[in-house]
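A.B. asks: okay, sequence plus prediction incoming.
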Amino acid sequence: MTSELWSLSIVQAVSLIGVGELQSSELVASALARLDAVEPFIRAFVSVDRAALAEAEARDARPAGRLWGIPIAVKDIFDVAGTPTRCGSAAMEGAQPANQDSAAVARLRAEGSVIIGKSTTHELACGVYTPPTRNPWDLERSPGGSSGGSGAAVAAGVVAGAIGSDTGGSIRIPAAHCGLVGLKPTYGRVSRRGALALSWSLDHVGVLARTVEDAALLLSVLAGPDPGDATTLAQPSMPDPVLAPNDEVSGLRVGVLGGRPFSPMEPEVEAAVNSAAKLLGSAGVEVGQVDAPLLEAALAAEFAIVAAEAASYHEIRLRDSGELIGDAVRGLLETGLLLPASVYLRAQRTRRVVQRAFRELFEEHRLDALVAPTVPAAPQRCDQMEYDLDGAAEPVIDALVRTTAPFNLAGLPAVAVPTVPGPSGLPGSVQIVARPFEEQTALRLALAVQRGRGALARPRGLETALAG
Amino acid sequence: MNEELVRALTAALRASIPPERAAEVAGLLQAQISGRGGLSAEEVDGEEPAFSFQPGWPG
């Protein structure tokens, strides 16, 4: 048994706990010790539940449940009973402890997981930096956002899995920046009850993990109908298990998305996409190139929908404590208050066209999945506001969201998976996108990339800091 | 879009936008409107918005 219990995957830990070779309390103690060691460098948590150890000890006696005794981190936009939900905003500093768990947290607990803390979020889940959190691969860089705390916590080994939310890339961007698997399921697959909304029609609840198998296991726990979120009702059920041990991908057909809005991208990102395509080809997947230039309209639609819906959701907060909201998020909310209804409705109609374009793409090329760069550039420095791509300056938020938002608009399941690291040593990432409610297909293909790629090194920035 | 228009809209809608932020909001709003919500009117002709009303009693 390794002395670094925190480095076990969820699947490994569940297996060891199941046969009595590991106790939950040992695992949680290891996670808390790791948290204490790395938190000064990554600052990924807003609160830590030290009572988690006692909770884990209570679980030692009777292992049961698919996540029995597994420590999990929760983005601080999800209600956790007894803990305030502050959403990374000074405007919510005085929030009272939640009365009950959000649906996602309740499902995790019902299967035996132990919530060890709440992870940082970019303010109101609206941004791609997540201050003050740092990227374990390079402590001068951002972990991405808005689920940046969940990303940094998983990458740093505090937990093997965390939950996050994704309205325009907020799970997949931190996953890409932190060398993780990030799963945004189909819209309606996982309940949003008890989570702060950013945009009702675009918010997706999902997971970040170090392995595809762990992401699949977490999804199997989180997915399902909830009367508290009507979008989850009457949806196709999730296959069980989500991933079978000998799942084959040979014969599946994949289209690699090129052109705008996925270009321009950094050469290392392009190499990562090519590497993933090659790995899939080696696994017997038929890989071809496709493009969908119409998706360039997705970014404007995304921003219009988020502005209008977020402004409505936060209207009272903006009125009562707007001066406490950071300028960037406040500006978006204020803009949303004045945005003409015609623009919002045009955006929601654009969304239908985008959805249809994806359907036609899948049908015309008889595809099982699409592959695209998760993000077009390496993690931004914490103070970096623009990328230089193909000789042109582009705001970081536009660059990161233009590759992820099309799949929020269409509600399609998307799995960000690390590829072979490039010369910079920073993680590369592609996203694999499947038809609605076919998360299983995306995960099977992501697993093929993971297997072909091999194990990743530990995040070097954090390792160097810990050694110093 | 300009500060005066933002101030006028803010007053008419009783929106919570302080006068000193009118210039910034005018710029952001101009960018959003220029984006047109994505596609042109012709390109979304015949499409219903991507949400639907549920006639059952809300839970």
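C.D. replies: Good, I have the coordinates. Numbering: from 1, shown residues only, chains lettered A, B, ... in the order given.

A.B. asks: now do the helices in chain B.
C.D. replies: Assignment of helices within chain B using DSSP state H yields the ranges B:3-13, B:22-35.

A.B. asks: same question but for the stretch 251-400 of chain A, I mixed them up
C.D. replies: A:267-282, A:298-313, A:315-321, A:327-338, A:341-364, A:396-402 (DSSP state H, counting those that start in this stretch).

A.B. asks: on that earlier part again, a markdown table for the helices of chain B, including mean pLDDT and mean neighbour count?
C.D. replies: For glycine as for every other residue, the C-beta is placed from the backbone atoms N, C-alpha and C. As requested, the helices of chain B are arranged in a markdown table below (pLDDT from 0 to 100; neighbours: other C-beta atoms under 10 Å in any protein chain shown):
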| stretch | mean pLDDT | mean neighbour count |
| --- | --- | --- |
| helix B:3-13 | 95 | 15 |
| helix B:22-35 | 95 | 19 |
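
A.B. asks: of all the ones you listed, which one comes closest to residue A:132?
C.D. replies: Taking C-beta to C-beta, helix B:22-35 is the member of those nearest to residue A:132, at 24.4 Å.

A.B. asks: what about the closest one, near chain A?
C.D. replies: Yes - judged by C-beta under 8 Å from any C-beta of the partner chain, helix B:22-35 and chain A are in contact via B:24, B:25, B:28, B:29, B:32, B:33, B:35.

A.B. asks: near chain A, which residues of chain B are found?
C.D. replies: So far as C-beta under 8 Å from any C-beta goes, chain B lies against chain A at B:6, B:9-10, B:13, B:15-18, B:21, B:24-25, B:28-29, B:32-33, B:35-39, B:41, B:43-44, B:47-51, B:54, B:59.

A.B. asks: look up phi and psi at the residue lying closest to residue A:358 once chain neighbours are set aside.
C.D. replies: Leaving aside its chain neighbours, residue A:358 sits nearest to residue A:410 (5.0 Å; criterion: C-beta to C-beta, 6 or more residues apart in numbering or on different chains). Here the main-chain torsion angles of residue A:410 (degrees, to the nearest 10) amount to phi -90, psi -10.

A.B. asks: what do you get for the one 5 residues further on?
C.D. replies: Phi and psi for residue A:415, reported as degrees, to the nearest 10, are phi -120, psi 120.

A.B. asks: that one: neighbouring residues, count only.
C.D. replies: Applying the criterion other C-beta atoms under 10 Å in any protein chain shown, we find 33 residues in the vicinity of residue A:415.

A.B. asks: quick check: it touching residue A:180?
C.D. replies: No - because the distance of 10.9 Å does not satisfy C-beta atoms under 8 Å, residue A:415 is recorded as not touching residue A:180.

A.B. asks: tell me the contacts of residue 31?
C.D. replies: Just going to use chain A. Contact criterion C-beta atoms under 8 Å, 6 or more residues apart in numbering or on different chains gives A:5, A:6, A:71, A:116, A:158, A:159 as the residues in contact with residue A:31.

A.B. asks: please refer instead to chain B.
C.D. replies: Residues in contact with residue B:31, defined by C-beta under 8 Å, 6+ apart, are absent; none qualify.

A.B. asks: skipping its backbone neighbours, what lies nearest the residue of the stretch 151-300 of chain A found nearest chain B in space?
C.D. replies: When C-beta to the nearest C-beta is the measure, the stretch 151-300 of chain A has its nearest residue to chain B at residue A:300, with 3.3 Å between them. Take residue A:300 and drop its neighbours on the chain: the residue closest to it by C-beta to C-beta, 6+ apart is residue B:35, 3.3 Å away.

A.B. asks: wait, doesn't the one you found sit right on residue A:296?
C.D. replies: No - under the criterion of C-beta under 8 Å, residue B:35 is not in contact with residue A:296, lying 11.2 Å apart.

A.B. asks: low-confidence ranges in the stretch 1-150 of chain A?
C.D. replies: Counting by pLDDT under 70, the stretch 1-150 of chain A has low-confidence residues at A:1-2.

A.B. asks: which stretches of it form helices?
C.D. replies: Counting by DSSP H, counting those that start in this stretch, the segments of the stretch 1-150 of chain A that form helices are A:10-18, A:24-42, A:52-60, A:103-110, A:148-155.

A.B. asks: the first one: how far from the chain's middle?
C.D. replies: With C-alpha atoms, centre = their mean, to the nearest Å as the basis, the distance from the averaged C-alpha position of helix A:10-18 to the chain average is 23 Å.

A.B. asks: run through who's touching that helix.
C.D. replies: The set of residues that contact helix A:10-18 without belonging to it, under C-beta under 8 Å, 6+ apart, is A:1, A:5, A:8, A:22-24, A:27, A:63, A:66-70, A:160-161, A:209, A:211, A:213-214, A:217-218.

A.B. asks: show me those residues that map onto strands.
C.D. replies: With strands defined by DSSP state E, the entries of the contacts of helix A:10-18 inside them are A:161, A:209.

A.B. asks: drop anything exposed from the contacts of helix A:10-18.
C.D. replies: By neighbour count, with 16 or more other C-beta atoms under 10 Å in any protein chain shown, the contacts of helix A:10-18 hold A:5, A:8, A:22-24, A:27, A:63, A:66-70, A:160-161, A:209, A:211, A:213-214, A:217-218 as buried.

A.B. asks: contact residues of the stretch 151-300 of chain A facing chain B?
C.D. replies: Proximity of the stretch 151-300 of chain A to chain B is assessed by C-beta under 8 Å from any C-beta, with A:201, A:227, A:228, A:230, A:294, A:297, A:298, A:299, A:300 identified as the residues in range.

A.B. asks: just checking: the least confident one among those is which?
C.D. replies: Checking pLDDT across these, the minimum falls on residue A:230 at 91.

A.B. asks: please look at it and residue B:54 and confirm they touch.
C.D. replies: Yes - counting by C-beta under 8 Å, a contact exists between residue A:230 and residue B:54, whose distance comes to 6.5 Å.

A.B. asks: so those two - more neighbours on which side?
C.D. replies: residue A:230 (15 against 9).

A.B. asks: show the contacting residues for residue A:63.
C.D. replies: Contacts were defined as C-beta under 8 Å, 6+ apart; by that measure residue A:63 touches A:17, A:18, A:20, A:24, A:69, A:112.

A.B. asks: neighbours of the first one, just the number please.
C.D. replies: Right, the one you point to is residue A:17. 25.

A.B. asks: give the next helix or strand downstream of the helix or strand harbouring residue A:440.
C.D. replies: With secondary structure defined by DSSP states H and E, residue A:440 is part of helix A:439-453. The C-terminal neighbour of helix A:439-453 among helices and strands, as given by DSSP H and E, is helix A:460-467.

A.B. asks: quick one: that next one to helix A:24-42, angle?
C.D. replies: Angular relation of helix A:460-467 and helix A:24-42 on a 0 to 180 degree scale: 100 degrees, by axes from the mean of the first three to the mean of the last three C-alpha atoms, to 10 degrees.

A.B. asks: helix A:460-467 vs helix A:148-155, what angle?
C.D. replies: Using the same axes, to 10 degrees, helix A:460-467 lies at 70 degrees relative to helix A:148-155.

A.B. asks: what helices or strands is helix A:460-467 leaning on?
C.D. replies: Contacts of helix A:460-467 with other secondary structure elements, assessed using 3 or more C-beta pairs under 8 Å, 6 or more residues apart in numbering or on different chains; DSSP states H and E, are made with helix A:24-42.

A.B. asks: list the buried residues of the helix it packs on.
C.D. replies: Along helix A:24-42, these residues count as buried under the neighbour rule (16+ other C-beta under 10 Å): A:24-32, A:34-35, A:38-39, A:41-42.

A.B. asks: any idea how far residue B:18 is from the most centrally placed residue in chain A?
C.D. replies: The centre of chain A sits closest to residue A:171, judged by C-alpha atoms, centre = their mean, with a distance of 2.0 Å. Using C-beta to C-beta, to the nearest Å, one gets 34 Å for the distance from residue A:171 to residue B:18.

A.B. asks: endpoints of stretch A:451-464, how far apart?
C.D. replies: End-to-end distance for stretch A:451-464: 27 Å, by C-alpha to C-alpha, to the nearest Å.
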